[in-house]
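>>> 3D model of this:
(one chain, ligands or ions: 1)
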Amino acid sequence: MTSTPLLRVQGLTKTFRMYHLDSMLHAFEGVSFDLFEGEFILLRGHNGAGKSTLLRTIWRSYLPVGGHVFYRSNHGEIDLANAADVDIALLRREEIGFVTQFLNARPRVAAQDIVAEPLLLAGVSRAEALDQARHWLDQFGVRPELWRAYPSTFSGGEQQKVNLARALILPQKLLLLDEPTASLDAGARAALLRRLAELKRQGVAIIGVFHHPGDVETLIDREINLSTRVVADETTEREDVAL
Ligand SMILES: Nc1ncnc2c1ncn2[C@@H]1O[C@H](COP(=O)(O)OP(=O)(O)OP(=O)(O)O)[C@@H](O)[C@H]1O
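Model prediction:
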């Protein structure tokens, strides 16, 4: 672990415009924290406190209305809050992972190909990438009969397992987890815990929202509690991007 944070979130504020009500809704305001390599931060807060929105703002699906997200990338420091879309797309491919409970299943792409894709993009041979993809599908408990099938027809839990296998097959520097255990059975939850522990040991920094934090209790270094939202009338507005 180095003494320079991997991520420095400073005064981050996200507001949504409620067009039909002609008002603004503060999802969170003035959030600041540092995150170091190999550190695991648990985000806490009641329903609607802004946990998912904070993860999506760091991932840059949402643009903040204020504040900074300084990230120490392999290419130098970059403020994710203000970076160009092209830079964000590159970081998502190479350094930052995001796991939600929803799989973005693509039509007519087999589960093993979805999982292998990050390795192929990283230059790993097809045979090796498929080998590893099958290994991770197996680890998360996806039956071999399904490896060559299309996940669009899978159960919610099976889709979630494909999602996890793909997201965790290649160690990233920063991992954002939004309720990744939501629809998992006990075996897959245990496999996820093992994999996250391994990634953390390798120095991956993790920010996670968990409905049942007990699932990852042994990994948590720090907790951040998001405060109650407030409704305001005026805020500088920036349109969100659809990356
Ligand atoms: N795209 C959006 N447009 C408008 N309001 C939004 C949008 N996304 C989230 N919100 C609002 O922002 C607030 C924070 O939502 P968020 O999903 O981040 O909460 P959460 O802490 O993850 O909640 P939960 O524990 O219920 O999952 C909520 O009041 C929600 O209605």
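
>>> Next, the contact list for Asp113, please.
Applying C-beta atoms under 8 Å, 6 or more residues apart in numbering to Asp113 gives the contacts 130, 133. C-beta here means a position set from N, CA and C on the backbone, and glycine is covered the same way.

>>> For it, give me the pLDDT.
Looking at Asp113, its pLDDT is 96.

>>> do the same with Ala167
91.

>>> roughly how far apart are it and the ligand?
Per C-beta to the nearest ligand atom, to the nearest Å, Ala167 is found 19 Å from the ligand.

>>> How about that residue: what's its closest non-neighbour residue?
Val99 (4.4 Å; C-beta to C-beta, 6 or more residues apart in numbering).

>>> Am I right that that neighbour is in contact with Ala165?
No: under the criterion of C-beta atoms under 8 Å, Val99 is not in contact with Ala165, lying 10.4 Å apart.

>>> Enumerate every residue touching Leu146.
111, 137, 154, 158.

>>> now swap in Gly11 and tell me
Counting by C-beta under 8 Å, 6+ apart, Gly11 touches 30-32, 66-68.

>>> Next step: the contacts of Leu146 restricted to helices.
Members of these lying in helices (criterion: DSSP state H): 111, 137, 158.

>>> For Val124, state which of those is nearest.
Comparing the ones in helices among the contacts of Leu146 against Val124 with C-beta to C-beta places Leu137 closest, at 16.1 Å.

>>> count of neighbours near the closest one?
Neighbourhood size, Leu137 [other C-beta atoms under 10 Å]: 26.

>>> Verify the contact between it and Gln112 for me.
Yes: between Leu137 and Gln112 there is a contact at 6.5 Å, judged by C-beta under 8 Å.

>>> Find the residues that touch each one of the two.
Common neighbours of Leu137 and Gln112 are listed as Trp147 (criterion: C-beta under 8 Å, 6+ apart).

>>> any residues touching the helix or strand Asp131 falls within, and which ones?
For Asp131, the enclosing helix or strand under DSSP states H and E is helix 126-139. Identification of contacts with helix 126-139 by C-beta under 8 Å, 6+ apart yields 111-113, 115-117, 119-120, 124, 144, 146-147, 161-162, 165, 168-169, 191, 195.

>>> Dump it to PDB, keeping only the CA atoms.
Coordinates of the C-alpha atoms in helix 126-139 are reproduced here as PDB (Å, rounded to 0.1, in the frame of the first residue of the first chain):
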ATOM      1  CA  ARG A 126      -8.700 -16.900 -27.100                       C
ATOM      2  CA  ALA A 127      -8.000 -20.400 -25.700                       C
ATOM      3  CA  GLU A 128      -6.600 -19.000 -22.500                       C
ATOM      4  CA  ALA A 129      -9.400 -16.500 -22.100                       C
ATOM      5  CA  LEU A 130     -12.000 -19.100 -22.500                       C
ATOM      6  CA  ASP A 131     -10.300 -21.400 -20.100                       C
ATOM      7  CA  GLN A 132     -10.300 -18.700 -17.400                       C
ATOM      8  CA  ALA A 133     -13.900 -17.700 -18.200                       C
ATOM      9  CA  ARG A 134     -15.000 -21.300 -17.600                       C
ATOM     10  CA  HIS A 135     -13.000 -21.400 -14.400                       C
ATOM     11  CA  TRP A 136     -14.800 -18.300 -13.100                       C
ATOM     12  CA  LEU A 137     -18.200 -19.400 -14.300                       C
ATOM     13  CA  ASP A 138     -17.600 -22.700 -12.400                       C
ATOM     14  CA  GLN A 139     -16.300 -20.800  -9.300                       C
END
